[in-house]
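> okay, predicted coordinates and the sequence, questions at the end:
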Amino acid sequence: MIQSAFFQKIGYEGEQVTFEQLPELLRKMAYTFPFENRSVLNKQSYSLDQEGLKQHLLEGSRGGLCYDLNPLLYYVLKEAGLAVQLVQGTVYNKEAGKWSIDGTHVAITLLYEGKRFLIDAGFGVNLPLQPVPFTGEWVESPFMHFRVKEENTEKGTHLLQLDRGAGAETGYAFTLNEVNAQTLEQLRHEIYENEASPFNKKRLASKLTQTGRLIVTEDHITVHENGEISKQPLSQPFDDYVQNLIPQR
């Protein structure tokens, strides 16, 4: 059973989770787990199945990347009886103007009352914090809007798009093919070992807060809060600072 341990970790007070309660669950998850790469830099080996993620993220009190956070959520939602599956995507690097490493993003699709939705708790601070319908309808998060667009590309059949206020941009392309444990292991291997991986070179962490978001590098913290941006030196070791971002429940 992973659901009760997950609820306790994120401070979710309900006894179960329904479709209507997903926004609350996703917010509490985002405010608990940082998106961070300590395990990548340490080449840490752990299982990506339910028990392995429970030990690593819940009992070990760690954050992680998409292949940690979304499978963890997947197991919780599956235990709750929701019709979910893990799917694979490829992130679009807007600054470089090209796709990142093939298939190194994982997200969740949900089928509810005959309608399909995308759920993502592992896309850095770019989180919808609610299910995104496959209708093309934009949904609003505190800092940007999101939609799923059906469009065939070389990387998939659908796009997650976001709008930060300057128009639609592609976050990633994905397919509806279900991901298995072996694929997750292969995906993680690429993140650990591929020279093009953005996560295997320098320390990096980010997290949403109730008033904004923060980005942590090896020597600085950038805080976006109530529309203001501030940058300050990191006054303690990176690992200690990131560990302290995780509530000890």
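That came in fine, so what should we check first?
> what is the burial count for residue 193?
Using other C-beta atoms under 10 Å, residue 193 has 11 other residues around it. Backbone N, C-alpha and C define where each C-beta goes, glycine included.
> in this structure it contacts residue 200, no?
Yes - using C-beta atoms under 8 Å, residue 193 and residue 200 qualify as a contacting pair, with a distance of 7.3 Å.
> burial of residue 19, as a residue count?
By other C-beta under 10 Å, 15 other residues sit near residue 19.
> that one and residue 84: what is the separation?
According to C-beta to C-beta, to the nearest Å, residue 19 and residue 84 sit 11 Å apart.
> mutual contacts of the two, please.
Residues touching both residue 19 and residue 84 by C-beta atoms under 8 Å, 6 or more residues apart in numbering: residue 110.
> in stretch 229-245, which residues are buried?
The neighbour-count check on stretch 229-245 (16 or more other C-beta atoms under 10 Å) flags 238, 241-243, 245 as buried.
> now find how far off-centre it is within its chain.
Using C-alpha atoms, centre = their mean, to the nearest Å, the mean C-alpha position of stretch 229-245 is found 20 Å from that of the whole chain.
> for the record, mean pLDDT for it?
Regarding stretch 229-245, the rounded mean pLDDT is 93.
> which residues sit against that stretch?
Defining contact as C-beta under 8 Å, 6+ apart, one finds that stretch 229-245 is touched by 34, 36, 38, 61, 63, 203, 205, 207, 216-223.
> same thing but at 6 Å, please
For stretch 229-245, contacts defined as C-beta atoms under 6 Å, 6 or more residues apart in numbering pick out 34, 36, 203, 205, 207, 218-223.
> what does stretch 58-72 give?
Contact with stretch 58-72 is made by 5, 9, 33-34, 36, 48, 53, 56-57, 105-108, 121-122, 184, 187-188, 246, as judged by C-beta under 6 Å, 6+ apart.
> narrow those residues to those that are buried.
9, 33-34, 36, 48, 53, 56-57, 105-108, 121-122, 184, 187-188, 246.
> so how do I select the buried members of the contacts of stretch 229-245 in ChimeraX?
Buried residues among those (16+ other C-beta under 10 Å), as a ChimeraX selection:
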select :34,36,203,205,207,221,223
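> would you list the contacts of stretch 229-245 in a markdown table and tack on secondary structure and pLDDT?
Listed next are these as a markdown table, based on DSSP: H, G, I helix; E, B strand; the rest coil; pLDDT from 0 to 100:
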| residue | secondary structure | pLDDT |
| --- | --- | --- |
| 34 | coil | 97 |
| 36 | strand | 97 |
| 203 | coil | 96 |
| 205 | strand | 97 |
| 207 | strand | 96 |
| 218 | coil | 92 |
| 219 | coil | 92 |
| 220 | strand | 94 |
| 221 | strand | 96 |
| 222 | strand | 96 |
| 223 | strand | 94 |
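> how about the contacts of stretch 229-245 in TSV, adding distance to residue 128?
Output for the contacts of stretch 229-245, formatted as TSV (distance: C-beta to C-beta, whole Å):
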residue	distance to residue 128
34	18
36	20
203	26
205	20
207	16
218	29
219	31
220	27
221	25
222	22
223	22
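> closest to residue 13 out of the contacts of stretch 229-245?
Distance to residue 13 across those (C-beta to C-beta) is lowest for residue 207, with 21.3 Å.
> and for that closest one, nearest residue in space, chain neighbours not counted?
residue 34 (4.2 Å; C-beta to C-beta, 6 or more residues apart in numbering).
> I'd say that neighbour and residue 208 touch.
No - at 9.2 Å, residue 34 does not count as touching residue 208 under the criterion of C-beta atoms under 6 Å.
> that older thread, from the buried residues of stretch 229-245, which ones fall inside helices?
Of those, the ones assigned to helices by DSSP state H are 238, 241-243.
> tell me the mean pLDDT for stretch 134-151?
Average pLDDT, stretch 134-151: 95.
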